[in-house]
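Asks: Let's see this in three dimensions:
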Amino acid sequence: MDPGWPETADGDHAVTELSSTRAGGLSPFGEDTEFPLPAESLPYAHPHTVINR
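Replies: Have a look, this model is predicted:
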């Protein structure tokens, strides 16, 4: 199991559609995370390849 998964009581479920505002699979990132995220907030550096000739 993912170590970032929330702690729950024995026999309880971490994610349930019964207590959600919408039906279907819920986001593991929480209800208040909006996607897509701004590109400036992502830790991504595009690779630059120099070709040997």
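Asks: From now on I want contacts and neighbour counts done on CA atoms only, so please keep to that.
Replies: Noted.
Asks: Per-residue pLDDT of residue 46, please?
Replies: Here, the pLDDT recorded for residue 46 equals 88.
Asks: So, low pLDDT: which residues of this structure?
Replies: Screening the chain residue by residue with the criterion pLDDT under 70, one finds the ranges 1-6, 12-22, 24-26.
Asks: which stretches of it form helices?
Replies: Using DSSP state H, no helices are found in the chain.
Asks: And stretch 32-39, end to end?
Replies: 18 Å (Cα to Cα, to the nearest Å).
Asks: how about the strands in the protein?
Replies: Under the criterion DSSP state E, strands are not mapped anywhere in the chain.
Asks: How many residues are close by residue 44?
Replies: 8 (other Cα atoms under 10 Å).
Asks: What's the separation between it and residue 38?
Replies: 12 Å.
Asks: Also residue 52?
Replies: 35 Å.
Asks: Please consider this matter closed, and thank you.
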